[in-house]
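S.K.: Take this sequence and fold it.
(one chain, ligands or ions: 2)
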Amino acid sequence: MEHYFGAHTIDNGGIHMAVRRAGNANMRALQLFTAIPKYYGDKVSIRPERVTRFRDALAATKIAPERVVVHAAYVLNVATPDAEKWTRARDGLAKELERSTALGVGAVCFHPGAATDDDREAAAERIAAAIVHALDGARGSTRLLVENTAGAGRTMARTAEEVGSILAHVPKALRARTGYGLDTCHLFASGYDLRASKAEVKRTLDAFEEATGEAPGFFHLNDSEGALGSNKDRHMLIGDGAIGAEAFGWLLADPRTRGVPLILETPQLNTDIGDDDDAPDPYDVQMMELLERL
Ligand SMILES: [Zn+2]
Ligand SMILES: [Zn+2]
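M.R.: Ligands and ions are numbered 1, 2, ... in the order given. A predicted model of the protein is given here:
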């Protein structure tokens with residue numbers, strides 16, 4: 001199996017333009033938002049014309065639909081003990097999966113939110129309940145994947161054990177449609193020392209595999225502005241941060257990085273690119289070339 005590199009490309013002009021920019025950077029994987037990520041989007045459906053434009057654009061690239069990841073809105077805190085907020089976040093997550101299923105993509109990834117009352121076990125159960133609700137509402141093959149977090153404040157999913165405990169609350173019959181993915185910046189910020197050695201990188205992936213019973217469904221390839229264990233979620237270009245390029249080479253040598261989307265969420269240069277300009281971002285191109293060399 002191969003390495004499928006891609007990025008969360010700029011979507012000025014619509015998601016089909018994000019697809020075209022990815023294709024023009026020779027990407028084999030892609031991540032996007034299907035709604036404005038700072039809103040709940042719990043009432044936002046996707047129009048059929050938008051689905052058609054997206055699928056037509058994707059067919060002109062080397063990106064298979066199963067290697068497209070939709071990133072859910074950041075505001076969806078399905079860990080919250082506040083019943084009203086939880087219901088809205090749960091509905092927002094279900095809508096994310098509904099829109100992504102309509103697009104026919106491989107997965108939705110989401111940040112599981114924060115246990116604001118410090119009861120982390122109850123929070124894990126609430127996250128799982130939101131996953132189950134979303135999976136029950138959208139019949140399809142699009143998976144719903146928990147993303148590990150940098151661990152700031154009371155955020156959940158900062159360790160392998162915590163990702164494992166969230167997924168353990170999902171009934172067996174639904175388990176194949178859920179799972180998790182790993183962000184390298186978040187791993188490092190939450191205390192996994194990826195830059196220590198190749199063996200430590202392998203141990204980190206082993207820990208997540210043991211705690212969850214499966215390999216990651218995607219990776220986010222980001223260097224980290226913050227130091228080891230800083231809980232700081234600030235991405236940098238690979239090689240420019242505290243992790244360093246060598247560690248990414250060690251990660252890519254692990255067979256678990258093959259066959260799944262490997263997504264850059266690193267800084268971009270032309271964030272105000274014109275709506276009808278499908279040129280790839282120069283930083284994305286630079287990162288793609290670096291990854292191919294590692
Ligand atoms: Zn994320
Ligand atoms: Zn991040």
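S.K.: Now do the helices in the stretch 51-200 of the chain.
M.R.: With DSSP state H, counting those that start in this stretch as the criterion, the stretch 51-200 of the chain has helices at 83-103, 120-137, 160-168, 184-189, 198-212.
S.K.: Centre of the chain to the first one, how far?
M.R.: So the one you mean is helix 83-103. 16 Å (Cα atoms, centre = their mean, to the nearest Å).
S.K.: Now that helix: average pLDDT?
M.R.: Averaging pLDDT along helix 83-103 yields 98.
S.K.: hang on, the earlier thing: from the helices of the stretch 51-200 of the chain, which stretch is densest packed?
M.R.: Across those, the average number of neighbours (mean count of other Cβ atoms under 10 Å) peaks for helix 184-189, which reaches a mean of 27. All C-beta spots, glycine's among them, are computed from the backbone N, C-alpha and C.
S.K.: Which other helices and strands does it contact?
M.R.: Packing partners of helix 184-189 (3 or more Cβ pairs under 8 Å, 6 or more residues apart in numbering; DSSP states H and E): strand 219-221, strand 223-224, helix 245-252.
S.K.: Make a markdown table from these and add distance to Thr101 and mean neighbour count to it.
M.R.: Listed next are the helices and strands packed on helix 184-189 as a markdown table, based on distance: least, Cβ to Cβ, whole Å; neighbours: other Cβ atoms under 10 Å:
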| stretch | distance to Thr101 | mean neighbour count |
| --- | --- | --- |
| strand 219-221 | 22 | 27 |
| strand 223-224 | 32 | 26 |
| helix 245-252 | 30 | 19 |
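S.K.: Adding distance to Asp276 and mean pLDDT, write those out as TSV.
M.R.: Formatted as TSV, the entries for those read as follows, by distance: least, Cβ to Cβ, whole Å; pLDDT from 0 to 100:
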stretch	distance to Asp276	mean pLDDT
strand 219-221	28	98
strand 223-224	32	98
helix 245-252	34	98
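S.K.: Specify the stretch among the ones you listed that is closest to Arg99.
M.R.: strand 219-221 (20.4 Å; Cβ to Cβ).
S.K.: Just checking: what are the partner strands of the closest one?
M.R.: The strands beside strand 219-221 in its sheet (DSSP bridges) come out as strand 178-183 (parallel), strand 261-264 (parallel).
S.K.: Run the chain-centre distance for that strand.
M.R.: For strand 219-221, the distance to the chain centre is 7 Å (Cα atoms, centre = their mean).
S.K.: How about stretch 40-54?
M.R.: The mean C-alpha position of stretch 40-54 is separated from the chain mean by 19 Å, Cα atoms, centre = their mean.
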